[in-house]
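Provided below are the primary sequence and the corresponding predicted coordinates.
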Amino acid sequence: MILSAGSDTERKIIAILKVLSESSEPMGSITIARKLDEQGIYLSERAVRYHLKITDERGYTKPLGRDGRLISEQGLEELQTALAPDRLSFIQDKLELLAFRTTFNPKTREGLLPINTSILNKNDFSKALKIMKSVFKAGICVSELVATAESGEKLGDVVIPDGKIGIATVCGVTVNGVLLKNGVPMESKFGGILELKSSKPLRFTAIINYGGTSLDPSEQYIRARMTSVGEAIRTGNGKILANFREIPALSKSIVEEVTASLKEASINGIYYLGRISDPVCQIAVGINKVGIILLGGLNPIAALVEAGFDVDNIAESGMIDFKQLISIWKL
């Protein structure tokens, strides 16, 4: 049975499944009721138990006795299906929220910034690190700063599973957030595949508009193996992850100043800054606007997938304190 928000019971089940999906630990009815209450959804503990009985019968949840319940794989699939119509602009909204939450100041080197989290087998990490370092060395990344976490620890909002290791890369939305704090609104247009020719940006060969997707474009491109980051490093010709933004023309000088301060803080997300109203890599730019290409933060991870590594990616996975980041060369 596919859930929808068509009835009151189904809406409550969706809300309960959503709460369970955000926890890596079993949850009881009291905790679930409290979490729902925080979201403005008022269900008594008894009402939660009633709806959990339904989710158990449908196979959406796994009863674990006194420990509570976990959401099942079937429950996750049903939740994604049920929420799909409401999530068309999910990525757009998420980018705007992360930009707003960014407090990082490149001059003081303090504050929070958004990250991507990638999870791989712990035994693969040393070999994977060599491949990732080649991408960082080539500069096809937002920043050479990263963070790692062992199983049971968190990176952003993600808990690292047993037997795995997590690595956080700086998300390109950091640029949006820092510019926003400097009074510059940046409009996020799309995530794409950027073709390089002789190590220079040529054209976008694929684009996904943020306002029309519930999934991060970079995650989709990596999963579909549409990149050739390794080839781009070796030959100068290849396809990498990149994002397209626009800024008001009058703010260009501020953007250039902020970009310089970001580079001093080891953040180099802006790959190309266009001229006023001029097309950028065959993409039309609005009147009195300037087009900007941002590098994809997951390019080092795309190279891993190209090399055959098993990696799970969670783009825009939350925030991290800048002080927790270290240079990739120290790993």
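Received the coordinates, thanks.

list the buried ones in the lowest-mean-pLDDT helix or strand in the chain?
Evaluated with mean pLDDT, DSSP states H and E, the helix-and-strand set of the chain has its lowest mean pLDDT in helix 73-83, which scores a mean of 82. When burial is assessed from 16 or more other CB atoms under 10 Å, helix 73-83 yields the following buried residues: 75, 78-79, 82-83. The way it works is simple: take the backbone N, C-alpha and C, and place the C-beta from them, glycine included.

Show me what whatever helix or strand residue 137 lives in is packed up against.
Under DSSP states H and E, the secondary-structure element containing residue 137 is helix 125-138. Contacts defined by 3 or more CB pairs under 8 Å, 6 or more residues apart in numbering; DSSP states H and E place helix 125-138 against helix 229-235, helix 299-306.

Determine how far that helix lies from the middle of the whole chain.
Taking CA atoms, centre = their mean, to the nearest Å, the mean C-alpha location of helix 125-138 is offset from the chain mean by 20 Å.

same question, stretch 279-294
Its chain's C-alpha centre and that of stretch 279-294 lie 23 Å apart, by CA atoms, centre = their mean.

Just the endpoints, please. Distance across it?
Terminal residues of stretch 279-294 lie 15 Å apart, using CA to CA, to the nearest Å.

Keeping just the C-alphas, turn the least confident helix or strand of the chain into CSV.
Listed in CSV are the C-alpha atoms of helix 73-83, where the atom choice follows Å, rounded to 0.1, in the frame of the first residue of the first chain:
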residue,chain,number,x,y,z
GLU,A,73,13.5,-0.6,4.6
GLN,A,74,9.9,-0.9,3.4
GLY,A,75,8.9,1.9,5.7
LEU,A,76,11.7,4.2,4.3
GLU,A,77,10.5,3.4,0.7
GLU,A,78,6.9,4.2,1.5
LEU,A,79,7.9,7.4,3.3
GLN,A,80,9.9,8.6,0.3
THR,A,81,7.0,7.8,-2.0
ALA,A,82,4.5,9.6,0.3
LEU,A,83,6.6,12.7,0.6
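
contacts for the next helix or strand after that helix?
Reading on from helix 73-83 to the C-terminus, the next helix or strand found by DSSP H and E is helix 90-101. Identification of contacts with helix 90-101 by CB atoms under 8 Å, 6 or more residues apart in numbering yields 112, 114, 171, 173, 176-177, 180, 186, 188, 210-211, 213-217, 316, 319.

Quick check: helices, which of those are part of them?
Assignment to helices by DSSP state H places the following of the contacts of helix 90-101 there: 173, 176-177, 180, 217.

what does stretch 146-155 contact?
Contacts with stretch 146-155, where a contact means CB under 8 Å, 6+ apart, come from 115, 117, 122, 159-170, 317-318, 320, 324-328, 331.

how does it look with 6 Å?
Taking contacts as CB atoms under 6 Å, 6 or more residues apart in numbering, the residues outside stretch 146-155 that touch it are 117, 160, 162, 164, 166-169, 324-325, 328.

tell me the average confidence for stretch 286-299?
In this model, stretch 286-299 carries a mean pLDDT of 97.

now that stretch, how far from the chain's geometric center?
Using CA atoms, centre = their mean, the distance from the centre of stretch 286-299 to the centre of the chain it belongs to is 17 Å.

Buried residues, it. List them.
Buried residues in stretch 286-299, counting neighbours by 16+ other CB under 10 Å, are found at 289-299.
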